[in-house]
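Undergrad: give me coordinates for this.
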Amino acid sequence: MKKIGILFGMENTFPNAFIERVNSKAEDGIIAEAVTIDKVIQAAPTEYAVIIDRISQDVPFYRAYLKNAAIGGTAVINNPFWWSADEKFFNNALAERIGIPVPKTVLLPSKQRPENTSETSFRNLAFPMAWEEIFQYVGFPAYMKPHDGGGWKSVYKVMNPQDMWYKHEETGQLVMMLQEEIVFDDYVRCYCIGQKEVLIMPYEPRNPHHLRYAADLKVQGEEREKLLETIKDYTLKLNLALGYDFNTVEFAVRDGIPYAIDFCNPAPDADIYSVGRDNFEWVVEAAANMAIERAKTQVPGQINLTWGTFINQAVNTPIIQAAPAPTIPEPAAEPKPIPSAKEVKVTAVAPKKATKPSAAKAKEVVAEPEPKVPTKRSAVTKAPAKNSKIKKS
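TA: Predicted structure coming up:
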């Protein structure tokens with residue numbers, strides 16, 4: 001008898017539906033149940049051939065348990081070793097390498113020094129950084145968000161350099177990304193299960209939460225079919241490269257080009273009241289079929305994890321034909337000084353969802369007083385903190 005377990009937390013609709021669906025198929029020698037943990041002994045195998053992980057991103061004890069289970073032969077979905085190392089900035093770099101459009105993105109050092117470090121810990125970091133080149137590359141408005149975050153936490157829309165430095169005051173020890181804003185015509189969210197099944201869901205992040213999946217694509221006809229094929233192709237390429245068996249990918253479509261916005265969601269929302277009944281039915285069926293297939297191919301005592309092509313082909317070998325490297329504009333010989341807030345007005349939009357551009361009509365507001373450009377290693381800006389965080393819708 002091979003057991004398929006599901007490890008979950010607060011969610012209710014998907015785990016029970018998944019268990020019932022697997023068991024309803026009555027596959028010989030395969031059953032599904034909620035995972036039970038009564039002890040964790042090093043290198044000891046678990047009773048599960050497959051575990052679907054829905055919660056370990058929030059519970060370090062579960063993450064350690066899953067790694068131990070994997071070493072004992074359990075096929076853990078998704079791979080707990082890779083997920084522990086994965087982060088959004090790297091994912092953007094990987095997407096660009098395999099030729100998938102992503103917003104222009106740069107990495108920013110943390111506002112506060114990490115614990116147990118000092119100024120001399122950062123002797124390799126230039127002060128000031130090449131801010132003119134960074135700002136010319138990304139452009140404004142832009143989004144600033146954690147390089148390895150999630151759940152729309154600590155996400156800011158920034159209108160100009162002064163606004164960025166001011167809001168950066170609130171980010172503490174978080175390492176942030178500054179990312180180009182994509183003003184989109186269409187938006188989709190795609191499930192990818194088993195690295196072969198893809199469900200493309202039109203999605204409107206500016207709608208109230210319960211209406212976001214009620215949208216439809218604006219593009220129609222042959223353009224629509226071509227766009228959907230491209231999105232499916234990009235979704236599969238990303239998940240094959242990353243090695244995820246259960247993930248969602250979001251694309252913002254600008255001028256007919258789908259830009260991958262968010263594709264590191266290995267425990268994606270699958271609640272019936274959020275995604276809708278039809279989408280829920282699809283993901284339950286696809287996940288049940290994948291888990292049964294993995295249980296059949298699982299070999300006790302061996303490593304049964306999925307690794308992406310980035311890992312499998314990474315050693316001194318090009319992964320896939322790399323996309324052309326982005327060109328960072330050369331700064332002007334005598335760059336014009338960035339105007340102070342007293343000299344200009346900026347347009348700020350408060351989007352209904354933090355990482356997505358807002359369709360609301362912008363209002364003209366006066367920016368906060370201009371902070372000084374940093375000259376010390378202890379901070380990026382000296383502006384006083386203010387509650388500028390965009391709230392999760």
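Undergrad: hmm, Pro45 and Ala69 touching each other?
TA: Yes - the pair Ala69 / Pro45 is scored as a contact, 7.5 Å apart, by Cβ atoms under 8 Å. Glycine gets a C-beta too; all of them are placed from N, C-alpha and C.
Undergrad: more crowded one of these two?
TA: Comparing Ala69 with Pro45 by other Cβ atoms under 10 Å, the one with more neighbours is Ala69, at 25 against 14.
Undergrad: does the more buried one lie in a helix or a strand, and which?
TA: Assigning secondary structure by DSSP states H and E places Ala69 in helix 60-71.
Undergrad: pull out the buried residues from that helix.
TA: 62-63, 65-70 (16 or more other Cβ atoms under 10 Å).
Undergrad: among these, which one lies nearest to Leu107?
TA: Distance to Leu107 across those (Cβ to Cβ) is lowest for Arg63, with 24.7 Å.
Undergrad: and the strands in the stretch 201-350 of the chain, which stretches?
TA: For the stretch 201-350 of the chain, the strands defined by DSSP state E, counting those that start in this stretch occupy 246-254, 257-262, 346-348.
Undergrad: I'd like those laid out as TSV, including distance to Asn12 and mean neighbour count.
TA: Converted to TSV, those look like this (distance: least, Cβ to Cβ, whole Å; neighbours: other Cβ atoms under 10 Å):
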stretch	distance to Asn12	mean neighbour count
strand 246-254	18	24
strand 257-262	24	20
strand 346-348	38	16
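Undergrad: looking at the ones you listed, which is closest to Pro128?
TA: strand 346-348 (21.9 Å).
Undergrad: out of the buried residues of helix 60-71, which is nearest to Asn124?
TA: Relative to Asn124, the closest of the buried residues of helix 60-71 is Arg63; by Cβ to Cβ it sits at 31.1 Å.
Undergrad: wait, what's in contact with that closest one?
TA: By Cβ atoms under 8 Å, 6 or more residues apart in numbering, the contact set of Arg63 is 56-57, 80, 84.
Undergrad: pull out the buried members of the residues you listed.
TA: Counted by 16+ other Cβ under 10 Å, the contacts of Arg63 give 56-57, 80 as buried.
Undergrad: returning to that earlier point: identify the farthest-apart pair in the buried residues of helix 60-71.
TA: Maximum distance among the buried residues of helix 60-71 (Cβ to Cβ): 12.5 Å, for Tyr62 and Ala70.
Undergrad: rewinding a little: kindly reformat the contacts of Arg63 as TSV containing distance to Asp278, pLDDT and secondary structure.
TA: Putting the contacts of Arg63 into TSV (distance: Cβ to Cβ, whole Å; pLDDT from 0 to 100; DSSP: H, G, I helix; E, B strand; the rest coil) gives the following:
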residue	distance to Asp278	pLDDT	secondary structure
Ser56	29	96	coil
Gln57	27	91	coil
Pro80	31	96	helix
Ser84	34	88	helix
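Undergrad: in three-state terms, how would Lys145 be classified?
TA: strand (DSSP: H, G, I helix; E, B strand; the rest coil).
Undergrad: so Val284 sits against Arg21, correct?
TA: Yes - between Val284 and Arg21 there is a contact under Cβ under 8 Å: 5.2 Å.
Undergrad: where in the stretch 1-150 of the chain is pLDDT low?
TA: 150 (pLDDT under 70).
Undergrad: what ranges do the helices span in it?
TA: 13-24, 60-71, 80-85, 88-97, 131-138 (DSSP state H, counting those that start in this stretch).
Undergrad: give me the phi and psi for the residue lying closest to Tyr191 once chain neighbours are set aside.
TA: Closest residue to Tyr191 apart from its sequence neighbours, by Cβ to Cβ, 6 or more residues apart in numbering: Leu199 at 4.3 Å. Main-chain torsions, Leu199, degrees, to the nearest 10: phi -120, psi 120.
Undergrad: repeat that for Glu180.
TA: Dihedral angles (degrees, to the nearest 10) for Glu180: phi -60, psi 140.
Undergrad: looking at the helices of the stretch 1-150 of the chain, which is closest to His168?
TA: Nearest of the helices of the stretch 1-150 of the chain (Cβ to Cβ): helix 131-138, 11.9 Å.
Undergrad: how far does the closest one sit from the chain's center?
TA: Relative to its parent chain, helix 131-138 has a centroid offset of 23 Å by Cα atoms, centre = their mean, to the nearest Å.
Undergrad: name the residues of it that come out as buried.
TA: 131-132, 134-135, 137-138.
Undergrad: picking up where we left off before, run a quick neighbour tally on the residue nearest to Tyr191.
TA: Counted with other Cβ under 10 Å, Leu199 comes out at 18.
Undergrad: wait, it touches Ala286, no?
TA: Yes - with contact defined as Cβ under 8 Å, Leu199 and Ala286 form a contacting pair (7.5 Å).
Undergrad: tell me, what's touching these two both at once?
TA: Tyr191.
Undergrad: gap between the two ends of stretch 290-307?
TA: 16 Å (Cα to Cα, to the nearest Å).
Undergrad: how much space between the residue nearest to Phe135 when sequence neighbours are not counted and Asn23?
TA: Distances taken as Cβ to Cβ, 6+ apart put Pro161 closest to Phe135, at 5.7 Å, once the chain neighbours are dropped. Per Cβ to Cβ, to the nearest Å, Pro161 is found 57 Å from Asn23.
Undergrad: noted, bye for now.
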